[in-house]
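Colleague: Fold the following for me, if possible:
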Amino acid sequence: MERLVAQIERSFEETEQELADPAVLADHQRLAEVGRTHRRLQAANELAKRWRTATATVTDATEGLESESDPEVRAYLQEELESARVELPELEEELRIAMLERDPADDRNVIIEIRGGTGGEEAALFAADLFKMLTGYADRLGFKHQVLTSDSSDSGGLKDVSFEITGDGAYSAFKWESGVHRVQRVPATETQGRIHTSTATVAVLPEAEEVEVTIDQKDLKIDVFRATGPGGQSVNTTDSAVRITHLPTGVVVACQDERSQLQNRERAMKILRARIYEAERERLDAERAATRTSQIGTGARSEKIRTYNFPQSRVTDHRIKFTSHDMDAVLLGALEPFSSALQADWNRQQLEAASADG
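Modeller: Model (predicted):
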């Protein structure tokens, strides 16, 4: 543990020096990276200080008990010793967690895509519920969100929606939501009172910077067309909607929510970059075959991660067998218990893996 603490202290000091380096201050991208590292190490460095204090207390109290004869002083030293001995294992666990390898995308903004799955109109209504839930969670965390593109259903649901969430650490908060969400409830159109099961898929994509994803304009097929509303009726009289196809990968993005063709194109490119960036991340992850796979789940769209049972007001996350019976709060965005439990399980697995590696 002494070696880990020394490493934290050394790394934190190095980032302090970098933040004062004129060359770093002049490079906005580098400054942002160093700033994020500094914030992460600052918390670890505070833990390191507390560990050194507790370690010194154990040493001093032990030595004092060997030489001290006064009963009151001995009682005080014994209390200090026991308190520090209780605190040390907890600090060491926190230090190990603080220094676990993080997903480099954790600090990024995200683009979230929700699509109604099996269940027709009921699936579209559930997709709208998930949109309200995730934007509510963003509000609770103090993040901003903006719809990039959406397609409403006749009943007021969402066939699909893409939206951006911006804020430091957005991906780390929302990455657990990627996968298939399942709902069990009686649809408004059901006359016999039977419970139906519907699904919606959620994809959480870390947002990519233009400099990170190089897209050759020659690889793009761009179509413009007239935007349409529910039922196919025209909603404007100009060809403002944009559909962009990335020919090498076959990725297609269409945006029509803005009246300006330029704005729709910018939004489509933002989504396109995020999808290509995530595809590259998945490819690199697959190449690291020796790396252990998280038992929490892959985050793939085909993976069923959570069930929302309305008759029993129960929400169950299947990855960690975690259940909440306060469905109303969850659907308004109270996802902190799920995120905390998933993060804790991920930390546990990472610590076990590190321990196994020696």
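
Colleague: In terms of secondary structure, what does the lowest-mean-pLDDT helix or strand in the chain contact?
Modeller: Within the chain, no helix or strand scores below helix 261-287, which has a mean of 82 by mean pLDDT, DSSP states H and E. Helix 261-287 is packed against strand 110-116, strand 144-152, strand 196-206, strand 241-246, strand 251-255, with contacts defined by 3 or more C-beta pairs under 8 Å, 6 or more residues apart in numbering; DSSP states H and E. Bear in mind the C-beta positions are built from the backbone N, C-alpha and C, glycine included.

Colleague: For it, list every residue counted as buried.
Modeller: By 16 or more other C-beta atoms under 10 Å, the buried positions in helix 261-287 come out as 261, 264-265, 267-278, 281.

Colleague: And for stretch 116-129?
Modeller: Result for stretch 116-129 [16+ other C-beta under 10 Å]: buried residues 116-117, 119-129.

Colleague: Can you name every helix or strand that the helix ranked longest in the chain contacts?
Modeller: When the chain is parsed with DSSP state H, its longest helix is helix 28-67. In terms of contacts (3+ C-beta pairs under 8 Å, 6+ apart), helix 28-67 is packed against helix 2-19, helix 22-26, helix 71-98.

Colleague: can you give me how far the second one is from the chain middle?
Modeller: For helix 22-26, the distance between its averaged C-alpha position and the chain's averaged C-alpha position is 30 Å (C-alpha atoms, centre = their mean, to the nearest Å).

Colleague: So which bits of that helix are buried?
Modeller: V24.

Colleague: got it, and stretch 184-195?
Modeller: 185, 187.

Colleague: R50 against L91, yeah?
Modeller: Yes - R50 is within contact range of L91, at 5.7 Å (criterion: C-beta atoms under 8 Å).

Colleague: which SS class is K175?
Modeller: helix (DSSP: H, G, I helix; E, B strand; the rest coil).

Colleague: what does the domain assignment say about the chain?
Modeller: Following automatic domain parsing, one finds the domains of the chain at 2-98, 110-288+303-347.

Colleague: Looking at those domains, which is nearest to P104?
Modeller: Nearest to P104 among the domains of the chain is domain 110-288+303-347; the distance by C-beta to C-beta comes to 8.8 Å.

Colleague: Quick one: end-to-end length of that closest one, please.
Modeller: Using C-alpha to C-alpha, to the nearest Å, the end-to-end distance of domain 110-288+303-347 comes to 22 Å.

Colleague: Run the chain-centre distance for it.
Modeller: 13 Å.

Colleague: do you know how far E336 is from T135?
Modeller: From E336 across to T135, the span is 15 Å (C-beta to C-beta, to the nearest Å).

Colleague: Then T118?
Modeller: Applying C-beta to C-beta, the value for T118 to T135 is 24 Å.

Colleague: before we move on, the earlier item: dump the helices and strands packed on helix 261-287 to CSV, plus mean pLDDT.
Modeller: Formatted as CSV, the helices and strands packed on helix 261-287 follow (pLDDT from 0 to 100):
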stretch, mean pLDDT
strand 110-116, 92
strand 144-152, 90
strand 196-206, 91
strand 241-246, 90
strand 251-255, 89
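
Colleague: so which of these is the most packed in?
Modeller: Greatest average neighbour count among the helices and strands packed on helix 261-287 goes to strand 110-116 (a mean of 25), per mean count of other C-beta atoms under 10 Å.

Colleague: Quick one: mean pLDDT for the next helix or strand after it?
Modeller: Following strand 110-116 in sequence order, the next helix or strand is helix 121-141 (DSSP states H and E). Taken as a whole, helix 121-141 has a mean pLDDT of 95.

Colleague: counting contacts, what elements does helix 121-141 pack onto?
Modeller: Secondary-structure packing of helix 121-141 (3+ C-beta pairs under 8 Å, 6+ apart): strand 110-116, strand 144-152, strand 158-166, helix 170-174, strand 179-185, strand 196-206, helix 327-331.

Colleague: Buried residues of the last one, list them for me.
Modeller: The one in question is helix 327-331. 327, 330-331.

Colleague: Over to the fifth one?
Modeller: Across strand 179-185, burial judged by 16+ other C-beta under 10 Å covers 179-183, 185.

Colleague: what about the stretch 1-150 of the chain, any weak spots by pLDDT?
Modeller: Within the stretch 1-150 of the chain, no range satisfies pLDDT under 70.

Colleague: sorry, back to before: as TSV, the helices and strands packed on helix 121-141 with distance to D27 would be great.
Modeller: Listed next are the helices and strands packed on helix 121-141 as TSV, based on distance: least, C-beta to C-beta, whole Å:
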stretch	distance to D27
strand 110-116	25
strand 144-152	26
strand 158-166	22
helix 170-174	23
strand 179-185	37
strand 196-206	21
helix 327-331	42
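
Colleague: looking at these, which is closest to F12?
Modeller: Nearest to F12, of these and by C-beta to C-beta, is helix 170-174 at 20.4 Å.

Colleague: List the contacts of that closest one.
Modeller: 102-103, 105-110, 112, 134, 137-138, 141, 143, 165, 204, 206, 339 (C-beta atoms under 8 Å, 6 or more residues apart in numbering).

Colleague: can we see that at 6 Å?
Modeller: With contact meaning C-beta atoms under 6 Å, 6 or more residues apart in numbering, helix 170-174 is reached by 105-106, 108-110, 141, 143, 204, 206.

Colleague: List just the nearest of those to S11.
Modeller: In terms of C-beta to C-beta, no member of the contacts of helix 170-174 lies closer to S11 than D106, at 17.5 Å.
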